[in-house]
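Asker: Sequence first, predicted model second:
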Amino acid sequence: MRTMPDFSAERALCAPPAGPLDGPVAGVDEAGRGPLAGPVVAAAVCFPGLALPPAVRGLIDDSKKLSPVRREAAHAAILEAGIVGTGAASVAEIDRLNILQATLLAMQRAVAALAAPPAAVLIDGNRAPDLPCPAHPMVGGDGRSLSIAAASIVAKVTRDRIMARLAAEYPGYGWERNAGYGVAAHRAALAALGATPHHRRSFAPVRKMRAE
């Protein structure tokens, strides 16, 4: 039976000898490292007191495991129950910095956008950005930590909405369905229609198409 995310990692940070912390623990995750188009978006989420109503807790899981309908429901519940910050790095920043550094920049912006500064941060993955508080990478964190799982949902929903708006401005690429990922239909549209200002020119498929 698969284990659902919980607050074990957050509580461990608050336990002796480290704790109690003077402030909340935030979970941070990103959406959009792999697409050929659009920004990379990060979210930071704190749940004060590390407590959630069971109905809300049951909605939260790694965003990749949720249907779009459940993600939207979870997103609304997270905004109601938690302290949320979001940040993004633009296509221009991705092309200038590289996708890893742009992702870390988006994470910094998400943490800075929190209304209450966290005392510590849990980051999904094996790299953490420079932050004014201790940051702890956690591989597979979106399946283990409720705060990171919540951040993964907020980042995913936020980015999907951005790509749906961009799809209305640049029809034909299917961004409202593929969120800018390099699926066959998107690559075919890229070859037929060319690159938009929102395509990542540093990514090989876009760079190759422009060269040809």
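Answerer: Yep, that arrived. For clarity, every value in this text was computed on a predicted model and none was experimentally measured.

Asker: Now residue 160: closest residue in space that isn't a chain neighbour?
Answerer: residue 179 (5.5 Å; CB to CB, 6 or more residues apart in numbering). Placement of C-beta: from N, CA and C, glycine included.

Asker: what's near enough to touch residue 113?
Answerer: Residue 113 is in contact with 44, 85, 86, 87, counting by CB atoms under 8 Å, 6 or more residues apart in numbering.

Asker: Next, the buried residues of the longest helix along the chain.
Answerer: Ranked by residue count, the top helix of the chain under DSSP state H comes out as helix 146-169. Buried residues in helix 146-169, defined by neighbour count with 16 or more other CB atoms under 10 Å: 146-160, 162-163, 166-167.

Asker: and it, what other elements does it pack with?
Answerer: strand 25-31, strand 40-46, helix 68-81, strand 83-89, strand 120-124, helix 175-178 (3 or more CB pairs under 8 Å, 6 or more residues apart in numbering; DSSP states H and E).

Asker: want to throw these into JSON lines with mean neighbour count, mean pLDDT and distance to residue 107?
Answerer: Listed next are those as JSON lines, based on neighbours: other CB atoms under 10 Å; pLDDT from 0 to 100; distance: least, CB to CB, whole Å:
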{"stretch": "strand 25-31", "mean neighbour count": "31", "mean pLDDT": "97", "distance to residue 107": "5"}
{"stretch": "strand 40-46", "mean neighbour count": "31", "mean pLDDT": "98", "distance to residue 107": "4"}
{"stretch": "helix 68-81", "mean neighbour count": "17", "mean pLDDT": "95", "distance to residue 107": "17"}
{"stretch": "strand 83-89", "mean neighbour count": "22", "mean pLDDT": "98", "distance to residue 107": "7"}
{"stretch": "strand 120-124", "mean neighbour count": "27", "mean pLDDT": "97", "distance to residue 107": "7"}
{"stretch": "helix 175-178", "mean neighbour count": "19", "mean pLDDT": "97", "distance to residue 107": "23"}
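
Asker: mind checking the end-to-end distance for stretch 77-90?
Answerer: Using CA to CA, to the nearest Å, the end-to-end distance of stretch 77-90 comes out at 27 Å.

Asker: got any ranges where this structure has weak pLDDT?
Answerer: In the predicted model of the chain, residues 1-2, 16-20, 212 satisfy pLDDT under 70.

Asker: Centroid-nearest residue for it?
Answerer: Of all residues in the chain, the one closest to the mean position by CA atoms, centre = their mean is residue 30, 2.2 Å from it.

Asker: Take the helices and strands packed on helix 146-169 and lay them out in CSV including distance to residue 137.
Answerer: Converted to CSV, these look like this (distance: least, CB to CB, whole Å):
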stretch, distance to residue 137
strand 25-31, 10
strand 40-46, 14
helix 68-81, 22
strand 83-89, 18
strand 120-124, 5
helix 175-178, 29
